[in-house]
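*Asks:* turn this into a structure:
(2 chains)
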Amino acid sequence: MGCETSKYAAVSYEEKLRLFEQVKGDERFAHYLYGCYECGVCVAVCPSARFYDFSPRWIAQALAREDADLVYKFMNEDVWDCSQCFSCDKCPRKNSPGGLITILREVAVRNGLKSAKDALEGYGRIIYKIMSTGTQVAPDMLQPAAFPDWGPHVKEISENLQWWRRALPPETLHTTETSWDVSEQTLRELYLIWHVTGVMEMIKEVDEGLHMILMDVMEEKLEEAGFDLEATEED
Amino acid sequence: MPSERVLIIGGGPAGIEAARSLADLGIPLTIIESGERLGGMPITAHYAALTPSFEDAEQAMGRMIAPLLGNPAIDVHLQSTITALRGAAGNFALTVASDGTQAEVEAGAIIVATGFQHFDPGRETQMYGYYEFDDVITLADSERLLKEHRFVRPSDGRPPERVAFIQCVGSRDRQIGNEFCSKVCCGVASKQAIEIRQQLPDSKVFIFYIDMRMYGYWENQIYWPAQEKYKVNFIRGIVAEVLKKGDRLVIRGEDTTLGRPMEIVVDVLVLSVGMEPSKGTREIAKLLGLPQNKYGFIETQGAPLATVVTAVPGIFAAGSCTGPADLEDCVSMGAAAALKATALLRKKAPAGGG
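*Replies:* Sure thing, here's the model as predicted:
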């Protein structure tokens, strides 16, 4: 578990308690934590536990102990070592340490914790891609300069990427700017979902610049379609 | 001529079930009970609810005793003890002392069901300050408070905010000499923790344990609800020190599964004391010549496939006088002892013969 470092802010116990109450107040919490045997099966099957000083059991126990100090520490450090693979759902009590980590991460992001910003810093480009286009990493991101370790064939593929993509059977994959074609209708629906479910506020908490760029893209598309974003946010 | 009567020593759950079984089989019987009433430890120690059924102990034991009262084939001697034994299987003669008078009772077989006593936490070790701090109590003390629906700090009568249980007090301990597990304390402590949370919903309850031993259905009948529904905090680690802090107690131990020392403040500390042979068990074993094990419990023969046979022909033993036992063990052994005793009587005096 290490000792406290300057990686995150020292806050009052009341503040830690406030964050813990937000975690406990999440409607999924009761289904993710019943009671812990402390048997360690979640650690035994956890890939991250093999590489980091990380234990899904500690997460479950800290929450079961209602130890706000430890929960705060884990919320800032350990939760970012989890790969969210949910192997830990093997738990004999049907706890979900991975699910608990999802909640802890969301609370960390929603409250704009510095540790969350730091952890997510490197993902800005991917988040931008997914949220603006509705699909993941695009084929045209596959440039030799970006992946020198992938060998000489990357150069050949990237030069003729359009033709390679054309060779794929589904027409929706005949694109290089996105992973697949996303229809205007789907994109509008995704933008709306992200606005009304609070995802945009979470983005704003961790990366204001990214939030601004995304808002520009989304507002234009949504206004074209006749949606008033300001009215949506007030709902 | 062989006696057709069975004598039962001890009127607790094991003795009562032996008596009920014998009565059902039509065997005349005598119960010798040293206390003022039948019912055994659940009654004399003022148990609140039985483990694991949560049934009121008075009601449950009352229902068990009811068929024995007013039955002419059942002879009950309260506040009585055995002072002498003569004869052998089929023809025992026992001296019963009661209120300064002595009487002779004949019996073909004897069932010993003299039970256990709670470990005295002041014996051997004063580690937990039972005789020093008012707010350090035992499982038995706690039962009485829960029965009265008044679970308070004995020091000032106020309801506690934080309660902790320490498991294995007087059990599984080579230092003390009780190397055995007392079998019921994990279940009883968890049951009490639930009752405390029911009576005091704002309280926090901790249980410090070495292993939680919740056999069979106790797991989902008591342990899981305690943890999941009543949010009782189970921490693996044994408290080593109790200190006074203002008018509260500080306990120190290790949270072994989180790997860190632990110090918490509590208002009431409950010691989950284990079982030892009762004074009556030790005395009767000597008087009847029944071998005892190194802990003083009556040694049975042929375990695990026999449960109630002793080294002395014609004398059977049932319940917690033979070692740690839960209520199910006690009544099962009581019924088994009744059957063994009946079989012996029939061998000694075959029906229709002489």
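
*Asks:* chain B contacts on chain A?
*Replies:* Residues of chain A that fall close to chain B, judged by C-beta under 8 Å from any C-beta of the partner chain: A:1, A:34-36, A:38, A:57-58, A:61-62, A:64-66, A:70, A:93. Bear in mind the C-beta positions are built from the backbone N, C-alpha and C, glycine included.

*Asks:* quick check, nearest of those to chain B?
*Replies:* residue A:35 (3.3 Å; C-beta to the nearest C-beta).

*Asks:* run a quick neighbour tally on the closest residue to chain A within chain B.
*Replies:* Closest contact between chain B and chain A, by C-beta to the nearest C-beta, is at residue B:227 (3.3 Å). Residue B:227 is flanked by 23 other residues according to other C-beta atoms under 10 Å in any protein chain shown.

*Asks:* also residue A:77?
*Replies:* 20.

*Asks:* check contacts around residue 95.
*Replies:* Let's take chain A. A:32, A:33, A:34, A:35, A:36, A:42, A:60 (C-beta atoms under 8 Å, 6 or more residues apart in numbering or on different chains).

*Asks:* please go with chain B instead
*Replies:* Taking C-beta under 8 Å, 6+ apart, one finds B:82, B:83, B:84, B:85, B:102, B:103, B:104, B:105 in contact with residue B:95.

*Asks:* quick one, strands of chain A?
*Replies:* Counting by DSSP state E, no segments of chain A form strands.

*Asks:* any stretches of it with poor pLDDT?
*Replies:* Along chain A, the parts satisfying pLDDT under 70 run over A:1-6, A:230-235.

*Asks:* domains in it, by residue range?
*Replies:* A:13-111, A:120-126+A:182-234, A:135-173 (automatic domain parsing).

*Asks:* out of these, which comes closest to residue B:221?
*Replies:* Closest to residue B:221 of those is domain A:13-111 (C-beta to C-beta; 14.0 Å).

*Asks:* and the contacts of stretch B:118-134?
*Replies:* With C-beta under 8 Å, 6+ apart, stretch B:118-134 has contacts from B:45, B:136-140, B:153-155, B:166, B:169-171, B:175-178, B:182, B:239-242, B:244, B:249, B:269, B:271, B:273-276.

*Asks:* select only the buried ones of these in PyMOL?
*Replies:* Here is the PyMOL command that selects the buried residues among the contacts of stretch B:118-134 (16 or more other C-beta atoms under 10 Å in any protein chain shown):
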select buried, chain B and resi 45+136+137+138+139+140+153+166+169+170+171+176+178+182+239+242+249+269+271+273+274+275+276
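
*Asks:* okay, and which of the contacts of stretch B:118-134 map to strands?
*Replies:* B:136-138, B:166, B:169, B:241-242, B:244, B:249, B:269, B:271, B:273, B:275-276.

*Asks:* now the two most distant members of those residues.
*Replies:* Pairwise over the ones in strands among the contacts of stretch B:118-134, using C-beta to C-beta, the maximum falls at B:244 and B:275, 29.4 Å.

*Asks:* how about JSON lines for the domains of chain A, with distance to residue B:265 added?
*Replies:* What follows is the domains of chain A, written out as JSON lines (distance: least, C-beta to C-beta, whole Å):
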{"stretch": "domain A:13-111", "distance to residue B:265": "15"}
{"stretch": "domain A:120-126+A:182-234", "distance to residue B:265": "37"}
{"stretch": "domain A:135-173", "distance to residue B:265": "52"}
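
*Asks:* quick one: low-confidence parts of the stretch 51-200 of chain B?
*Replies:* Along the stretch 51-200 of chain B, the model assigns pLDDT under 70 to residues B:124-126.

*Asks:* where exactly do the strands run in it?
*Replies:* Assigned by DSSP state E, counting those that start in this stretch, the strands in the stretch 51-200 of chain B fall at B:74-77, B:80-88, B:91-98, B:101-107, B:109-112, B:116-118, B:136-138, B:162-169.

*Asks:* pull the longest helix from the chain.
*Replies:* You didn't pick a chain, so chain A it is. Ranked by number of residues, the top helix in chain A under DSSP state H is helix A:208-224.

*Asks:* wrong one, chain B
*Replies:* Max-length helix for chain B by DSSP H is helix B:327-348.

*Asks:* which of the residues in that one are buried?
*Replies:* Applying 16+ other C-beta under 10 Å to helix B:327-348 flags B:327, B:329-338, B:340-342, B:344-345, B:348 as buried.

*Asks:* and what of stretch B:204-217?
*Replies:* Neighbour-count burial for stretch B:204-217 flags B:204, B:205, B:206, B:207, B:208, B:209, B:212, B:213, B:214 (criterion: 16+ other C-beta under 10 Å).

*Asks:* contacts only, for the fifth one.
*Replies:* What that stands for is residue B:208. Residue B:208 neighbours (C-beta under 8 Å, 6+ apart): B:164, B:165, B:166, B:167, B:235, B:236, B:237, B:238, B:239, B:251, B:253.

*Asks:* which stretch of helix or strand covers it?
*Replies:* In this structure, residue B:208 is located in strand B:204-209 according to DSSP states H and E.

*Asks:* by how many degrees do that strand and strand B:268-273 diverge?
*Replies:* 30 degrees (axes from the mean of the first three to the mean of the last three C-alpha atoms, to 10 degrees).

*Asks:* quick one: distance of strand B:204-209 to the chain centre.
*Replies:* Distance of strand B:204-209 from the chain centroid (C-alpha atoms, centre = their mean, to the nearest Å) equals 22 Å.

*Asks:* chain A contacts on chain B?
*Replies:* So chain B meets chain A at B:224, B:227, B:228, B:233, B:234, B:235, B:236, B:255, B:257, B:258, B:259 (C-beta under 8 Å from any C-beta).

*Asks:* in a helix, the second one, correct?
*Replies:* It refers to residue B:227. Yes: assessed with DSSP: H, G, I helix; E, B strand; the rest coil, residue B:227 lies in a helix.

*Asks:* sweet, I'm off.
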